[in-house]
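*Asks:* Structure of the sequence below:
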Amino acid sequence: MSNHMSEFTKLLQDLRAIGICPGDAVLVHSSMKALGTGLTPDQVIDCLQEAVGPAGTLLFPALTYENVNPQNPVFDSNASEPCIGLLPRVFWKRPGVERSENPTHSVCAWGRLAHRLTVGHAMDDTAVGPHSPFMLLPVVGGKLLFIGDVLHACTFMHGVEGIVQPPYIKPTSPCVYTVNGQKRAFIGTNDFGWGSEFQRAGDILEEPDIKRGKLLAADSTLIDSRALLACALAEMRSNPYAFVTDISKWI
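*Replies:* Alright, predicted model coming up:
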């Protein structure tokens, strides 16, 4: 128990050192394994909540694209389990957590701005639209935290693609999903032939807009979402293919 307490204290110190402050709104992409800790997922989440404090907001993507899709077009906020990692699957069920309404790219949030950041997602007919928590994060001066080598999983960048509409994005015909009992049409995208390289977002930012450090054993990155939005928009408007690669080159 004492070892876990010391790890909890160390993780909190590491979060402070990388730039998490009381009152922050922080959206977390995470690899629990990368932390290399004996802490439980609940203890890690407790520590993240303590880091942002009662005036802050903690968010995790709760993506369900593997289990909610055109073949199984039914999303239930209380039953559709996130498919993207241990911490989101635990966070989703914790007290006081609210979940945005989107069949494939919902977000769970806890804290002062939880409702404000999640409630509008139901207005979007795309996965990462202008009312999604991802795209509202810059509005509230929020931050993106990547625990482990997971910068490639920056879902926020799909929102940038949605604004720029690069030529490799081809909208699909609307698909009707049942979302919390109501039928709604959503437009997907077909980017076949192109693979996301969202880790390149780390190359267009400089301190203090990006900070790198260790969270326990995990190489981690903290990014200011307003800075990322501005820089990524400029980069993609100059070169629409800045954050993708022709997948034939991966082979």
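*Asks:* Next one: the closest residue to residue 163 other than its chain neighbours relative to residue 116, how far apart?
*Replies:* Of all residues beyond its chain neighbours, the one nearest residue 163 is residue 233 (6.5 Å), with distances taken as C-beta to C-beta, 6 or more residues apart in numbering. Every residue, glycine included, has its C-beta placed from N, CA and C. Counting by C-beta to C-beta, to the nearest Å, the gap from residue 233 to residue 116 is 23 Å.
*Asks:* how about the residue nearest to residue 163, what does it touch?
*Replies:* 160, 163, 164 (C-beta atoms under 8 Å, 6 or more residues apart in numbering).
*Asks:* likewise residue 15?
*Replies:* Going by C-beta under 8 Å, 6+ apart, residue 15 touches 47, 48, 51, 215.
*Asks:* got the phi/psi numbers for residue 132?
*Replies:* Torsion angles at residue 132 (phi, psi; degrees, to the nearest 10) stand at phi -70, psi 150.
*Asks:* tell me the secondary structure for the residue lying closest to it once chain neighbours are set aside?
*Replies:* Closest residue to residue 132 apart from its sequence neighbours, by C-beta to C-beta, 6+ apart: residue 121 at 5.0 Å. Put simply, residue 121 is helix when judged by DSSP: H, G, I helix; E, B strand; the rest coil.
*Asks:* Helix or strand next in line after the longest helix along the chain, which one?
*Replies:* Using DSSP state H to define each element, the chain has its longest helix at helix 2-18. Note on helix 2-18: by DSSP states H and E, the next helix or strand toward the C-terminus is strand 25-30.
*Asks:* tell me the contacts of the closest residue to residue 20 other than its chain neighbours?
*Replies:* Among residues not flanking residue 20 along the chain, residue 51 sits closest, at 4.6 Å (C-beta to C-beta, 6+ apart). Residues in contact with residue 51 (C-beta under 8 Å, 6+ apart) are 12, 15, 16, 20, 22, 24, 26.
*Asks:* Buried only: go through these for me.
*Replies:* With neighbours counted by 16 or more other C-beta atoms under 10 Å, those contain buried members at 12, 15, 20, 24, 26.
*Asks:* So which of these is the closest to residue 246?
*Replies:* residue 26 (33.8 Å; C-beta to C-beta).
*Asks:* is it true that that closest one touches residue 58?
*Replies:* Yes. Judged on C-beta atoms under 8 Å, residue 26 makes contact with residue 58 at a distance of 5.9 Å.
*Asks:* can you list residues touching both of these two?
*Replies:* Shared contacts of residue 26 and residue 58, counting by C-beta under 8 Å, 6+ apart, come down to 48, 52.
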